[in-house]
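# Sequence and predicted structure, then a few things I'm wondering about:
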There are 2 protein chains.
Amino acid sequence: MQTSSHTMFDLLKTDVLKHVEISDEEFHRGTTFFIPKKLRRRQYLLQAGDVCQWVTFIAKGCLRQYSLDPEGGERILRFGIEGWWMTDLESFRSRLPASSNIDALEDSELLLMNNESLGGLFTAGAAWERYYRNMLEKENQASLTRISDLIGAPAEERYTRFLQMYPDLFNRIPLHQIASYLGVTPQTLSRIRKELSQRK
Amino acid sequence: MQTSSHTMFDLLKTDVLKHVEISDEEFHRGTTFFIPKKLRRRQYLLQAGDVCQWVTFIAKGCLRQYSLDPEGGERILRFGIEGWWMTDLESFRSRLPASSNIDALEDSELLLMNNESLGGLFTAGAAWERYYRNMLEKENQASLTRISDLIGAPAEERYTRFLQMYPDLFNRIPLHQIASYLGVTPQTLSRIRKELSQRK
DNA sequence: CGCGGGTTTGATGATGCTCAAGCCCGGTGG
DNA sequence: CCACCGGGCTTGAGCATCATCAAACCCGCG
């Protein structure tokens, strides 16, 4: 069997097992619905205006999803690294043009699933369906805690919480992108960092 | 004259039909899993620290979900009115104590579903399962657009977008609650309103 | 009538943005 | 090999937005 796609599915398996009980056989039946794909740094997985065709599992690398504000500035909706999922759900389900973009911050290896294969996956076993629902619920939860922070916490606290929550991310993602994610300008984040390092 | 529980299911049916195709019979089979309940204004459906037992459909009235910041201030995560769903998903699925509160802003009529009944509902027909997944996906989408606003849009724009998005809500919900939802103080929202009315 | 919650208004100050310049560093071409 | 360029990060000064503190107001209700 192929080497690279084999390791890609290993990570998926780890993640699936974290959330549901599944037999080797049911897992294997499901894997046939995924389409492996490599994406180069700066390449798009989705451009706003196109219909989102994929729900993707990230086996390696780093993606970001962002939308543009009226002045053309980027608003980073979320990051994704190994073991996470990424898609524009609304467009994927409605078949309408997406309002967000998804591109790669690093060379990445992905496991894609289109609408059909997703349906197929669900017929491959109830565990897969539960796993998918689980994933949706986790995304939901992540969004809510982020909203809570954006509503109530000042920028510095949002940053420290980001560091705690995603310790792997901060040395892989350029500062100005993290700033956008946190809802501050790069200048402000730079000052926050300085402040924190001096205080410690 | 109809019994109140009958009209409660009518609204549910409207909403289900908006999202999936379902036969009268399959719909009816599903309804048996819901537990009708009335909630008085200011009563809790969920208190932080308890495990969230319910996923609830709002047949009438208005709920809010909120968490407390370190100083004890309320951060309103979301509102829900007739035709919407409300729960603390994380607690509901994990069986761990909830970090959020849910209470009623008006006397409300609800259709509750616990973990067991939800499983039952899914066995009652694939349409129900699709409907539930749909609901999760919509919540997700709503969270993302809200995050995008909180990141990039100034308070006044967030308010006008709130008005467009939820025109029914603004005359039912006290100003200071909307302020919390938008991530500003009541004073600021009051000034924004004044500003807007003078400008028009 | 007076009390209390919610809203408004004002004054002041902190937080974070804008504009602008300088720095660091890796990449390119002379 | 170095000079130059450009992108990303830092730093500074002035300014806008929004929070805080405080007081007044409005109105439904006991």
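Thanks, I have it.
# so the closest residue to A:Pro186 other than its chain neighbours is in which element?
The shortest distance from A:Pro186 to any residue that is not its chain neighbour, by Cβ to Cβ, 6 or more residues apart in numbering or on different chains, is 4.0 Å, and that residue is A:His176. (Each C-beta comes from the backbone N, C-alpha and C, glycine too.) Taking DSSP states H and E as the criterion, the element that holds A:His176 is helix A:175-182.
# Any residue of that helix touching DNA strand D?
Yes: counting by Cβ under 7 Å from any atom of the strand, DNA strand D has neighbours in helix A:175-182: A:175-176.
# ok, how many other residues are close to the nearest residue to A:Phe92 once chain neighbours are set aside?
Of all residues not flanking A:Phe92 in the chain, A:Cys52 sits nearest, at 4.4 Å (Cβ to Cβ, 6+ apart). Each residue near A:Cys52 was counted by other Cβ atoms under 10 Å in any protein chain shown, and the total is 26.
# can you tell me which residues contact A:Cys52?
Applying Cβ atoms under 8 Å, 6 or more residues apart in numbering or on different chains, we find A:Cys52 in contact with A:46, A:87-89, A:91-92, A:98.
# Can you check those and name whichever has the most neighbours?
Of these, with other Cβ under 10 Å as the count, A:Asp88 tops at 28 neighbours.
# Test my guess that that residue contacts A:Pro97.
No: contact status for A:Asp88 versus A:Pro97: not in contact, 9.8 Å apart, counting by Cβ atoms under 8 Å.
# separation between the spatially most central residue of chain A and DNA strand C?
Within chain A, one residue has its C-alpha closest to the average C-alpha position: by Cα atoms, centre = their mean, that is A:Gly80, at 3.0 Å. A:Gly80 sits 24 Å away from DNA strand C when distances are taken as Cβ to the nearest atom of the strand, to the nearest Å.
# would you put the C-alpha positions of whichever strand or helix holds that residue in PDB?
Under DSSP H and E, the secondary-structure element containing A:Gly80 is strand A:74-81. Output in PDB follows, covering the C-alpha atoms of strand A:74-81 (Å, rounded to 0.1, in the frame of the first residue of the first chain):
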ATOM      1  CA  GLU A  74      -8.900  40.100   6.000                       C
ATOM      2  CA  ARG A  75     -10.900  38.800   8.900                       C
ATOM      3  CA  ILE A  76      -9.500  35.400  10.000                       C
ATOM      4  CA  LEU A  77     -12.300  33.200  11.000                       C
ATOM      5  CA  ARG A  78     -10.300  30.200  12.100                       C
ATOM      6  CA  PHE A  79      -7.000  28.300  11.700                       C
ATOM      7  CA  GLY A  80      -6.700  24.600  11.200                       C
ATOM      8  CA  ILE A  81      -3.800  22.200  11.700                       C
END
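# Packing partners of that strand?
Taking 3 or more Cβ pairs under 8 Å, 6 or more residues apart in numbering or on different chains; DSSP states H and E as the contact definition, the neighbouring helices and strands of strand A:74-81 are strand A:62-68, helix A:175-182, helix B:126-152.
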